[in-house]
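Asker: what's the 3D shape of this:
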Amino acid sequence: MPPHTVNVHAAKSGLSKLLARVQRGERITIAKAGKPVALLVPTETRAGSRLPPGDPLLNLDSFAVDGPGGKLTNAEIDRTLYGRP
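Answerer: Below you'll find the predicted structure:
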C-alpha cells in the first residue's frame with residue numbers, strides 16, 4: 001500500500017484520525033512545504049514477546065512449591081500480608 005501524504009497542519013489537526021488509519025496498517029507521510037519529513041507507520045509486533053503456554057508465570061498453581069507453612073489459600077495470604085480478617 002503506497003503511503004498517503006499529508007501536510008504538517010493537517011497532521012496536527014487530524015492526528016487522532018491519522019493514528020487510527022495507521023493502526024489499520026496504512027503508512028502516512030508528513031510533509032512540510034511539499035517535502036517529506038516524517039513517516040507514520042504501524043509499530044512492529046514481536047512474535048517472540050509472548051510467553052509460551054507452559055511458562056510458570058501463566059501456570060503458577062501447577063508449578064507452586066510448598067513453603068514452610070504448606071500451601072496457603074488466597075484468604076490466608078491476604079490475612080498474612082494485609083491483616084485482613
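Asker: For residue 81, identify the helix or strand it belongs to.
Answerer: helix 74-82 (DSSP states H and E).
Asker: for residue 12, same thing?
Answerer: helix 8-13.
Asker: Need the contact partners of that helix.
Answerer: Around helix 8-13, the neighbours that count as contacts under CB atoms under 8 Å, 6 or more residues apart in numbering are 18, 28, 30, 31, 32, 37. Placement of C-beta: from N, CA and C, glycine included.
Asker: at 10 Å instead, please
Answerer: With CB atoms under 10 Å, 6 or more residues apart in numbering as the contact definition, helix 8-13 has outside contacts at 5-6, 17-18, 28-33, 37-38, 40.
Asker: Among these, which pair sits farthest apart?
Answerer: Farthest-apart pair in these is 17 and 33; separation 22.5 Å (CB to CB).
Asker: Excluding chain neighbours, what is closest to residue 7?
Answerer: Excluding its sequence neighbours, the residue lying closest to residue 7 (CB to CB, 6 or more residues apart in numbering) is residue 31, at 5.6 Å.
Asker: Thank you kindly, that will do.
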